[in-house]
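Enquirer: What would the 3D arrangement of this be:
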Amino acid sequence: MTSFDLNDLPTLKEYSIIAYQWLSENYPKSDHQPNFDPNFGLSFPIRWKTKIETEVFEWVVSDMGSITLRLGGVEGNRRNPAPIFYLSLRKLEGDVFSWADPEGNPVSFPNPSVMEDVRSRVQLYLDSRT
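Expert: Sure, this is the predicted structure:
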């Protein structure tokens, strides 16, 4: 793994836009507002609330290549609610970029298998409250 440099910023933003597009299609905004519009200028970080299971969560996508799902209801009004799900971009040798979980394990994203990972993490959170 290598570190990012200034030349990587446009690539990070490009990956973030792809992530936002995929996530917003699979986890639509809970307020029934339109999701991804390629003609609309994006302002990062991109935040939107979505309902998963019976709870409201908030997605946050940064232009630096990170994706966070966190509490979005009343509990989410804290300054920095704990993440339920998190991915970030890492740079490998040869200017290859890859999504990774917090432990650094590669994650195929965007990929439908991520939806199962999100569901599992949300269920873990919901189970921990009871």
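Enquirer: Relative to the helix or strand of the chain with the lowest mean pLDDT, what are the paired strands and their orientations?
Expert: The helix or strand of the chain with the lowest confidence, counting by mean pLDDT, DSSP states H and E, is strand 46-52 at a mean of 91. Listed by DSSP bridges, the sheet partners of strand 46-52 and their directions read strand 55-62 (antiparallel).
Enquirer: Now do the partner strand: everything it contacts.
Expert: Contacts of strand 55-62 from elsewhere in the structure, counted by Cβ atoms under 8 Å, 6 or more residues apart in numbering, are 16, 19-20, 23-24, 27, 30, 44-51, 66-73, 76, 81, 84, 122, 126. (Glycine included, C-beta is placed from N, CA and C.)
Enquirer: do the same with stretch 110-126
Expert: Outside stretch 110-126, the residues that reach it (Cβ under 8 Å, 6+ apart) are 18-19, 22-23, 26-27, 52-55, 57, 69, 84-85, 87, 107-108.
Enquirer: how about stretch 89-103: buried residues?
Expert: By neighbour count, with 16 or more other Cβ atoms under 10 Å as the criterion, the buried positions of stretch 89-103 are Leu89, Arg90, Lys91, Phe97, Trp99, Ala100.
Enquirer: Restricting to C-alpha, output it in CSV.
Expert: Backbone C-alpha positions of stretch 89-103 (Å, rounded to 0.1, in the frame of the first residue of the first chain) are rendered in CSV as follows:
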residue,chain,number,x,y,z
LEU,A,89,-10.1,3.9,-0.6
ARG,A,90,-6.5,2.7,-0.4
LYS,A,91,-3.8,3.0,-2.9
LEU,A,92,-1.9,0.0,-4.0
GLU,A,93,1.3,-0.2,-6.0
GLY,A,94,1.1,1.0,-9.6
ASP,A,95,-1.6,3.7,-8.8
VAL,A,96,-4.3,1.0,-8.3
PHE,A,97,-7.1,2.0,-6.0
SER,A,98,-9.2,-0.4,-3.9
TRP,A,99,-11.9,-0.1,-1.3
ALA,A,100,-11.1,-1.6,2.1
ASP,A,101,-12.9,-2.1,5.4
PRO,A,102,-11.5,-0.5,8.6
GLU,A,103,-9.2,-3.5,9.1
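Enquirer: Which other helices and strands does whichever strand in the chain runs longest contact?
Expert: Within the chain, and with DSSP state E defining each element, the longest strand by residue count is strand 83-92. Helices and strands touching strand 83-92, as assessed by 3 or more Cβ pairs under 8 Å, 6 or more residues apart in numbering; DSSP states H and E, comprise helix 9-26, strand 66-71, strand 96-100, helix 112-128.
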